[in-house]
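# Okay, predicted coordinates and the sequence, questions at the end:
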Amino acid sequence: MGVTTGFIALLCLILLLLNFLSRKLNLTKVKAFLMKHHKSMALVLLAIVIIHLGFALTVFKTRDLEVNLTGFIALFIIIATILLCFSKKANRFKLHKYLALALTVVVIAHIVAWNIDFKHYQEGVKNIQISNVDLNSIDDGTYEGYSDVGYIKAKVEVTVKDGKLTSIKLIEHLNERGSRAEAIIGHMLKEQRIDVDSITGATNSSLVIKDAVQKALSAK
């Protein structure tokens with residue numbers, strides 16, 4: 001939902017910016033319509049951005065600093081712009097123009113930063129290679145493993161006894177919609193191997209959990 005609300009907010013921003021372009025292009029009817037609904041659209045934009053922020057806060061720690069910073073700056077500019085719209089300052093139209101320009105720049109920076117961050121995440125998942133470990137070569141004991149691809153993180157404690165996986169505890173699992181992947185732990189214990197089928201609908205989280213288990217056993 002975070003991405004969806006982000007795109008809706010972007011659409012609202014584009015509609016608001018069309019108000020400025022309609023004046024430059026002398027589109028009288030378009031200008032009149034947008035001017036009539038300008039303030040209401042701005043309030044809708046603010047509401048959607050706040051909803052977007054609500055979803056973003058749940059994954060705040062997994063995003064790059066640039067993504068979070070540009071997002072918060074955009075929110076503050078939107079609030080300042082709306083307050084200016086309802087003010088009676090003599091130079092409010094000029095200030096409004098500058099704030100709109102600043103908001104456009106910050107939003108573009110936010111989108112670019114998010115795309116770079118998301119590509120890093122995709123590359124991290126793609127680079128995960130899962131292979132089975134010979135459990136008979138593992139000494140009895142409990143081992144800790146950690147896997148982090150940015151958007152998804154997993155920390156596990158794996159216990160081996162007599163060449164068998166006896167316990168896999170998921171200490172930490174930071175994810176967005178991949179909580180169902182936690183069921184993969186039962187599959188690994190049942191099949192006594194790491195390279196089990198990923199959980200449908202939570203493939204990336206499944207890979208990260210398997211990678212954490214693999215790293216635990218590789219760090220024996």
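The structure has been received and is ready for your questions.
# C-alpha from now on. contacts and neighbour counts both.
Fine.
# and the nearest residue to residue 77 once chain neighbours are set aside, helix, strand or coil?
Using Cα to Cα, 6 or more residues apart in numbering and skipping residues adjacent in sequence, the residue nearest residue 77 is residue 103, 6.2 Å away. Per DSSP: H, G, I helix; E, B strand; the rest coil, the local secondary structure of residue 103 is helix.
# Over to residue 164: give its phi and psi.
phi -130, psi 150 (degrees, to the nearest 10).
# Tell me which stretches of this protein form strands.
141-148, 153-161, 164-174 (DSSP state E).
# between the last one and strand 141-148, how big is the angle?
Using axes from the mean of the first three to the mean of the last three Cα atoms, to 10 degrees, the inter-axis angle of strand 164-174 relative to strand 141-148 is 30 degrees.
# which parts of stretch 162-173 are buried?
For stretch 162-173, the neighbour count (16 or more other Cα atoms under 10 Å) marks 164, 165, 167, 168, 170, 173 as buried.
# and which of these is nearest to residue 153?
residue 173 (5.6 Å; Cα to Cα).
# That closest one: what's its closest spatial neighbour, skipping adjacent residues?
residue 154 (4.4 Å).
# quick one on the thing from earlier: same list, the buried residues of stretch 162-173, but as CSV with distance to residue 210 and pLDDT please.
Below are these laid out as CSV (distance: Cα to Cα, whole Å; pLDDT from 0 to 100):
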residue, distance to residue 210, pLDDT
164, 16, 92
165, 13, 94
167, 14, 94
168, 11, 95
170, 11, 93
173, 12, 88
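# Make TSV out of these and add distance to residue 93.
TSV is the format used below for these (distance: Cα to Cα, whole Å):
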residue	distance to residue 93
164	72
165	68
167	65
168	62
170	56
173	49
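# Return, as residue ranges, the portions of this protein with sub-threshold pLDDT.
1-3, 7, 15-38, 58-60, 88-92, 176-178, 220 (pLDDT under 70).
# For the residue nearest to residue 77, give its distance to residue 94.
For residue 103, the distance to residue 94 equals 14 Å [Cα to Cα, to the nearest Å].
# ok, these two, which is more surrounded?
More neighbours surround residue 103 than the other of residue 103 and residue 94, with 21 against 9 (other Cα atoms under 10 Å).
# how near is the more buried one to residue 5?
In terms of Cα to Cα, residue 103 sits 17 Å off from residue 5.
# sorry, back to before: tell me which of the strands of the chain sits nearest to residue 195.
Per Cα to Cα, nearest to residue 195 of the strands of the chain: strand 164-174, 13.2 Å.
# Alpha carbons only: can I get that closest one in CSV?
The C-alpha trace of strand 164-174 is given here as CSV (Å, rounded to 0.1, in the frame of the first residue of the first chain):
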residue,chain,number,x,y,z
LYS,A,164,20.0,-33.3,12.5
LEU,A,165,18.3,-29.9,12.6
THR,A,166,16.5,-30.0,15.9
SER,A,167,15.5,-26.4,16.2
ILE,A,168,15.3,-23.2,14.2
LYS,A,169,14.3,-20.1,16.1
LEU,A,170,13.5,-17.0,14.2
ILE,A,171,14.8,-14.2,16.4
GLU,A,172,14.1,-11.4,14.0
HIS,A,173,12.2,-11.1,10.8
LEU,A,174,11.8,-7.6,9.3
